[in-house]
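Student: Below are the sequence and a predicted model; questions follow.
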Amino acid sequence: MFVLQAEYAFSRMLIGIAATLLTHAADAAVTFSGVGSGGSASAKAAFTASIGGANNGVGGSYSSGYRSINWDSVPDALAAPHLLPASFYNFASPRGLMLITPGSGVEVSASTASGLALYFGNINSTYTSNFAAVSAQRVFAPIDSNIVQVYFFQPGTNTPAIVRGFGAIFKDVELANMTSIRYFAFDGSDLGEYFVPVGNSGDTEFFGALFAPTEPVGHVVITLGTQALGASTTESASVDLVVMDDIVYSEPVTDDIFGDGFD
């Protein structure tokens, strides 16, 4: 299943690259953003309320509501220093999401039970003070890249899906116009790039965008800071290192190409 998903995601990525110069005449997305523990929590709550419905949790398929991931369900054997399988949140913990990167893979930080340093302190000890999690202990980052691509599927299947909105909590965004979420339609056309608001060192930031039903999202590309985490990479006036915590997105539904989409 993973091979099929990986091949399909790669083909969609190529379509997206070819269609980068195409842009939908989309209605402007409704955006939500906040900085600091209170501001980011309020923005996230407003975003999920605007999606409507309940948190659909794990498994199943629904016509409304949303999915949320805080990384805490990942077992230690699949967390740092190990890479997380790209399809973990579509099959092992089915929530209709696949994560890929141009780097070597994606990773979830260690838990206390593992005996390793938290918040990617196993990569660089300075990170433990920058990337403290909002919920429980774990945060998320691509490895050997600062880019991660998110593709949506009907949970537990290889059927591609679309969403109306996607948002995420970020940690330690300190340079403006560097950390962003770029939204693409199913055909790869560009729905717009949105920059995550800036906070202070160690702050929490949230950004999410909700699109009209006529302009659904097929995948998103997230750029985290200025470069990838690394053993010899620390923050400076020109280097901003960023990780992610909770992500939230509307229920993935099948595209009209494969079945019923949004009404």
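Tutor: Nice, I can see it.
Student: Can you list the residue ranges for strands in the stretch 1-150 of the chain?
Tutor: For the stretch 1-150 of the chain, strands defined by DSSP state E, counting those that start in this stretch occupy the ranges 30-35, 66-69, 97-100, 105-108, 140-143, 147-152.
Student: helices or strands next to the fourth one in the packing?
Tutor: The reference is to strand 105-108. For strand 105-108, the elements it packs on are strand 140-143, judged by 3 or more CB pairs under 8 Å, 6 or more residues apart in numbering; DSSP states H and E. Quick note: C-beta positions are derived from backbone N, CA and C, even for glycine.
Student: Return the list of helices and strands in contact with the strand it packs on.
Tutor: strand 105-108, strand 243-250.
Student: picking up where we left off before, closest one to Gly192 among the strands of the stretch 1-150 of the chain?
Tutor: strand 30-35 (9.7 Å; CB to CB).
Student: still on that earlier bit, which one of the strands of the stretch 1-150 of the chain is the most hemmed in?
Tutor: Most buried of those, by mean neighbour count (mean count of other CB atoms under 10 Å): strand 140-143, with a mean of 26.
Student: Can you point out the buried residues in stretch 216-232?
Tutor: For stretch 216-232, a neighbour-count test (16 or more other CB atoms under 10 Å) marks 216-226, 228-229 as buried.
Student: And the furthest pair within these?
Tutor: Pairwise distances across the buried residues of stretch 216-232 (CB to CB) peak at 32.0 Å, for the pair Pro216 and Leu229.
Student: what sits opposite Ile147 in the beta ladder?
Tutor: Counting by DSSP bridges, Ile147 forms beta bridges with Thr223.
Student: quick one: which of the buried residues of stretch 216-232 is nearest Asp246?
Tutor: Ile222 (13.4 Å).
Student: residues in contact with Ile51?
Tutor: 65-66, 164-165, 210, 248, 250 (CB atoms under 8 Å, 6 or more residues apart in numbering).
Student: Give me the below-cutoff pLDDT ranges for the stretch 151-263 of the chain.
Tutor: 255-263 (pLDDT under 70).
Student: Okay, strands next: where are they in it?
Tutor: Using DSSP E, counting those that start in this stretch, strands in the stretch 151-263 of the chain cover 161-162, 165-171, 180-184, 190-195, 204-210, 219-223, 243-250, 253-254.
Student: closest to Ala46 out of those?
Tutor: Nearest to Ala46, of these and by CB to CB, is strand 204-210 at 8.7 Å.
Student: Tell me the strands beside that closest one, with direction?
Tutor: strand 30-35 (antiparallel), strand 165-171 (antiparallel).
Student: roughly how far out does that strand sit from the chain middle?
Tutor: 11 Å (CA atoms, centre = their mean, to the nearest Å).
Student: all helices for this structure, in order.
Tutor: Secondary structure of the chain, counting by DSSP state H: helices at 2-18, 36-51.
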